[in-house]
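Q: below are the sequence and a predicted model for it; my questions follow.
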Amino acid sequence: MFNRPVRVSLVVFPECDPSIVFGVFDTLWAAGRLSSLFNNALPDVSLFEPRLVGAKAGPLQLVTGVSIVVQDAVSGVADTDIVFVPNIMVRTNADLRALDRDLLAWIKAMHDKGTHIYASCGGSLVLAEAGLLKGHQATTHWCYVPLFRDQFPDIDLQPDRILVRSGEGQRIVCSGGASAWQDLALMMIAKRAGTDEAIRMSKLFLYQWHRDGQLPYSSMRQNVEHGDAAVLKCQTWLAQHYDHDDVVAELIRHSGLPRRTFARRFRAATGYSPLEYVQALRIEEAKQILETTTIAVEDVAREVGYDDVASFRRLFRRLAGMSPGEYRRKFQLPLIDDGAGTGRGRTQ
């Protein structure tokens, strides 16, 4: 147990977006300090001392165009209790190679000294690029999964999970989707001050644990830049005909290729088998219907090509991580009172 505030160094790359940087900073700053808001008998104490660190101190423009002020250059930070790596916004392997090498080296040096490392969302890509995750498990935002797997095949990526501990002594913790930094922050608070303080902070900021994992939030990524014209033609056809009966057989006929050749080329191009692709496409369409209409689940199933509603429900739960009804309750926009009592606001 620390007898002083825990020093947390939030590493700021130009590729960071400000929401997570400031969200983590404000949450850790508030922990303990605002306890009296809940109970006047509770003393306000500083549990954490967050600092923004970067390649150099001073103003830094982030990828969104917002400028922040880096408080400390890493060259002047010889040790710290926790390193927190926020999200970075990258698209290609060239973007990864362009990350500041001095910052990567500093993160690795802190890890080698025994510092605990937390990474949120795309921050796990930073740890992978720094060489800290080789041979270990990790998670990241679902949209970074293809890039992560392509660039770091020696890392056991667990994209469905929100939090993953790994590394020597389990000193590295990665979180998945963007708002999963809240889970990390609450975990840090619970470890430092107990679950009561973590619960107080979750109530103050209206944070929720993402117990459902990332599956409900992830969307199908349709790879259309693979260069296989026959497969691309089939993908285009499927976008309009995914609800047909015996659609895989139709797809093979449409391709004009032998079954085995088509299956091999389709997986190589898209990362899915033809059946997996059809299932994922149908469930994506079902998600859209559930988000934007109130039609019965049975009708949603038929709309996307399933007469067997039980099979549809099982498949939906497997691919989305929850039942269709649960998905609708979670993601459909709430009714918003427009002041006239009409309850307008939900897309029907």
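A: Cool, got the structure. No experiment lies behind these values; they were computed from the predicted model shown.
Q: quick one: contacts of the helix or strand harbouring Gln288?
A: Per DSSP states H and E, Gln288 falls inside helix 274-292. Applying C-beta atoms under 8 Å, 6 or more residues apart in numbering, the contact partners of helix 274-292 are 219-220, 222, 235, 238-239, 242-243, 247-248, 251-252, 262-263, 266, 270, 272, 295, 297, 300-301, 303-306, 312, 315-316, 319-320, 324, 327-328, 331-333, 347-348. All C-beta spots, glycine's among them, are computed from the backbone N, C-alpha and C.
Q: please pick the buried ones from those residues.
A: Applying 16 or more other C-beta atoms under 10 Å to the contacts of helix 274-292, the neighbour count classes 222, 235, 238, 242, 247-248, 251-252, 262-263, 266, 270, 272, 297, 300-301, 304-306, 312, 315-316, 319-320, 324, 327-328, 331 as buried.
Q: so Asp228 touches Ala269, yeah?
A: Yes. Counting by C-beta atoms under 8 Å, Asp228 does reach Ala269; the two are 4.4 Å apart.
Q: ok, those two, which is more surrounded?
A: Neighbour count, other C-beta atoms under 10 Å: between Asp228 and Ala269, Ala269 has more, with 20 against 16.
Q: show me the contacts for the more buried one.
A: Neighbouring residues of Ala269 by C-beta under 8 Å, 6+ apart: Asn223, His226, Gly227, Asp228, Val231, Leu232.
Q: distance of it from Arg171?
A: 39 Å (C-beta to C-beta, to the nearest Å).
Q: likewise Ala185?
A: For Ala185, the distance to Arg171 (C-beta to C-beta) stands at 17 Å.
Q: and what of Asn3?
A: To Arg171, Asn3 is 21 Å away according to C-beta to C-beta.
Q: look at these two and report which has more neighbours.
A: Between Asn3 and Arg171, counting by other C-beta under 10 Å, Arg171 is the more crowded of the two (16 against 4).
Q: can you check the pLDDT for that one?
A: If you check Arg171, the pLDDT there is 92.
Q: with adjacent residues omitted, what lies nearest to it?
A: Distances taken as C-beta to C-beta, 6 or more residues apart in numbering place His116 nearest to Arg171, at 4.9 Å, with adjacent residues excluded.
Q: Ala185 should be in a helix, yeah?
A: Yes. Counting by DSSP: H, G, I helix; E, B strand; the rest coil, Ala185 is found in a helix.
Q: burial count for it?
A: When neighbours are defined as other C-beta under 10 Å, Ala185 has 30 of them.
Q: could you do Arg4 as well?
A: 9.
Q: returning to what we had before: now pLDDT and secondary structure too, for the contacts of Ala269, in JSON lines please.
A: JSON lines is the format used below for the contacts of Ala269 (pLDDT from 0 to 100; DSSP: H, G, I helix; E, B strand; the rest coil):
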{"residue": "Asn223", "pLDDT": "65", "secondary structure": "coil"}
{"residue": "His226", "pLDDT": "78", "secondary structure": "coil"}
{"residue": "Gly227", "pLDDT": "80", "secondary structure": "coil"}
{"residue": "Asp228", "pLDDT": "86", "secondary structure": "coil"}
{"residue": "Val231", "pLDDT": "88", "secondary structure": "helix"}
{"residue": "Leu232", "pLDDT": "88", "secondary structure": "helix"}
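Q: between these, which has the most around it?
A: Highest neighbour count within these: Val231, with 23 neighbours (other C-beta under 10 Å).
Q: that residue against Arg265, yeah?
A: Yes. Contact criterion C-beta under 8 Å: Val231 and Arg265 qualify, at 5.8 Å.
Q: low pLDDT regions in the chain?
A: Low-confidence segments of the chain, defined by pLDDT under 70: 1-2, 35-36, 38-42, 178, 209-224, 333-348.
Q: show me the domain layout of it.
A: The chain breaks down into these domains under automatic domain parsing: 6-205, 229-331.
Q: point out the most buried one among those domains.
A: Most buried of the domains of the chain, by mean neighbour count (mean count of other C-beta atoms under 10 Å): domain 6-205, with a mean of 19.
Q: can you give me the end-to-end span of that domain?
A: Start-to-end span of domain 6-205 (C-alpha to C-alpha, to the nearest Å) is 21 Å.
Q: and stretch 162-179, by the same measure?
A: With C-alpha to C-alpha, one end of stretch 162-179 sits 10 Å from the other.
Q: so what touches it?
A: Residues outside stretch 162-179 that contact it (C-beta under 8 Å, 6+ apart) are 19-20, 87, 111, 114-121, 123-124, 127, 132-133, 136-142, 158-159, 161, 180-181, 183-184, 187, 210-211, 213-214, 217.
Q: and those residues, which of them are in strands?
A: Counting by DSSP state E, these place His116, Ile117, Tyr118, Ala119, Ser120, Gln137, Ala138 in strands.
Q: can you list the residues you listed in JSON lines and add distance to Ile283?
A: Listed next are the ones in strands among the contacts of stretch 162-179 as JSON lines, based on distance: C-beta to C-beta, whole Å:
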{"residue": "His116", "distance to Ile283": "38"}
{"residue": "Ile117", "distance to Ile283": "35"}
{"residue": "Tyr118", "distance to Ile283": "32"}
{"residue": "Ala119", "distance to Ile283": "29"}
{"residue": "Ser120", "distance to Ile283": "27"}
{"residue": "Gln137", "distance to Ile283": "26"}
{"residue": "Ala138", "distance to Ile283": "26"}
